[in-house]
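In: next come a sequence and a model predicted from it.
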Amino acid sequence: MKAATISDYNAAIEITEIDKPVLKADSVLIKVHAASLNPIDNILRSGAMKEAMPLSFPHVMGFDVAGEVVEIGKDVANVKVGDAVFARPNQEDAGAIAELAHVKESELALKPANLSYAQAACVPLAGLTAWQALLTKGHLKKGDKVLIHAGSGGVGTFAIQIAKHVGAYVATTVSTKNIEVVKTLGADKVIDYTAQQFEDEISDYDLVFDMIGGDTLDRSFKVLKKGGTMISIKGQDSAGLAKKHGVRFETLWMEPDGAMLAELGTLLSKGIVKTVTDSTFSMDEVDAAYAQLAKGHAVGKIVVEVGE
Ligand SMILES: NC(=O)c1ccc[n+]([C@@H]2O[C@H](COP(=O)([O-])OP(=O)(O)OC[C@H]3O[C@@H](n4cnc5c(N)ncnc54)[C@H](OP(=O)(O)O)[C@@H]3O)[C@@H](O)[C@H]2O)c1
């Protein structure tokens, strides 16, 4: 099958012919229609995480997949050939930008019928990250005030909408050009990080969802009320600052979860949560797609359409 692969860390992405995945009993093979890109793809490719998450080569790029089930393993119970599905497979199965993807039944969900494959591919990794940060770890509830950084990004666009659905008051940071986009998604207070210091604008918040790290994470502690919660997905340890400010601090590494993805799928099928697409590329343009991601200024998700 055709796949977008790298032969080593930092190698160029090539469209190569590789063997189709070997189907396991608890998994399905998906004919991929669309994939979306995430910063982790470039991080893994660079070798920066080769100790924690080593790659085996050839490595197929991409985690997020949407497509049609074409084969099922013998233990698969609730999915059939022909079903339209979407998923964020675990790292062992990663390889979304390929004609076929191998996904555990427990890690996929039925694609909402109102979403195209390209829209569905935007959802799994970023959507589950937002869900797990705000709800699973952040315990966000109606009436809470939450600051969501980078509201215009892949994770941020989902986070704003999930937080609004819960009934929270949402502040978010964006650059000037993205103010309108996040207002459309429901943000109550929009802070232009190029012109304002967010810690001068808001205080006494219940929750901060950080996806920037560094100085932004450090300054974010100032907007929390005592007993508030900081969730960061940047892997930076801020336990000391958390103690100083009297808040709870947790880092998150998102986990694939088909049941949770189905819950998010229900919100998508009702139009409560919408996908935001930055740009769409063909499989032959995958290099350009990853170059766009590397700029770090995507508005929503970058999609690669696979197949005809
Ligand atoms: N731990 C986990 O499980 C996990 C899961 C998913 C993502 N992540 C990490 O979370 C980060 C975000 O992921 P993503 O998919 O949302 O990335 P992304 O789509 O590439 O995010 C790009 C967005 O970030 C905004 N941005 C950049 N600098 C900013 C700043 N200083 N303040 C506010 N907004 C800023 C950009 O807006 P402008 O163009 O306006 O600057 C752009 O819209 C990445 O570092 C990723 O690796 C971690």
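Out: On my side now, so go ahead. Numbering: from 1, shown residues only.

In: and whichever residue of the stretch 101-250 of the chain sits closest to the ligand, what are its phi and psi?
Out: For the stretch 101-250 of the chain, the residue positioned closest to the ligand under Cβ to the nearest ligand atom is Gly153, at a distance of 2.6 Å. Every residue, glycine included, has its C-beta placed from N, CA and C. Summarising the backbone geometry of Gly153 under the convention degrees, to the nearest 10, its torsions are phi -80, psi -180.

In: and Lys50, how many neighbours?
Out: Applying other Cβ atoms under 10 Å, we find 11 other residues in the vicinity of Lys50.

In: hmm, back to that, ok, for the residue of the stretch 101-250 of the chain closest to the ligand, nearest residue in space, not its chain neighbours?
Out: With sequence-adjacent residues excluded and distances taken as Cβ to Cβ, 6 or more residues apart in numbering, Gly153 is closest to Ala298, at 6.5 Å.

In: buried residues in stretch 8-19?
Out: The neighbour-count check on stretch 8-19 (16 or more other Cβ atoms under 10 Å) flags Ile13 as buried.

In: does Gly228 touch Ala242 like I think?
Out: No. The pair Gly228 and Ala242 does not pass the contact test of Cβ atoms under 8 Å, sitting 9.7 Å apart.

In: overlap in contacts, those two.
Out: Here Gly228 and Ala242 have Arg248 as joint contacts, going by Cβ atoms under 8 Å, 6 or more residues apart in numbering.

In: out of these two, which sits in the more crowded spot?
Out: When neighbours are counted by other Cβ under 10 Å, Gly228 comes out ahead of the other of Gly228 and Ala242, with 23 against 18.

In: so the more buried one: helix, strand or coil?
Out: When classified by DSSP: H, G, I helix; E, B strand; the rest coil, Gly228 comes out as strand.

In: same question for stretch 113-120, mean pLDDT?
Out: pLDDT averaged over stretch 113-120 equals 98, rounded to a whole number.

In: ok, stretch 81-101 next?
Out: Stretch 81-101 carries an average pLDDT of 95.

In: where does the residue lying farthest from the centre of the chain sit, in terms of helix or strand?
Out: For the chain, the largest distance from the centre (Cα atoms, centre = their mean) belongs to Lys244, which lies 30.7 Å off. Lys244 belongs to helix 239-245 when elements are defined using DSSP states H and E.

In: buried sites along that helix?
Out: Applying a neighbour-count criterion of 16+ other Cβ under 10 Å, one finds Leu241, Ala242, His245 buried in helix 239-245.

In: which residues touch the second one?
Out: When contacts are counted by Cβ under 8 Å, 6+ apart, Ala242 touches Phe221, Met230, Arg248, Phe249.

In: max pairwise distance over those residues: which two?
Out: Of all pairs drawn from the contacts of Ala242, the one with the longest distance (Cβ to Cβ) is Phe221 and Arg248, at 11.2 Å.

In: just give the closest residue to the residue sitting nearest the centre point of the chain, not the sequence neighbours.
Out: In the chain, the centroid-proximal residue (Cα atoms, centre = their mean) is Ala126; its distance is 1.5 Å. Closest residue to Ala126 in three dimensions, ignoring its sequence neighbours and counting by Cβ to Cβ, 6+ apart: Gly154, at 4.1 Å.
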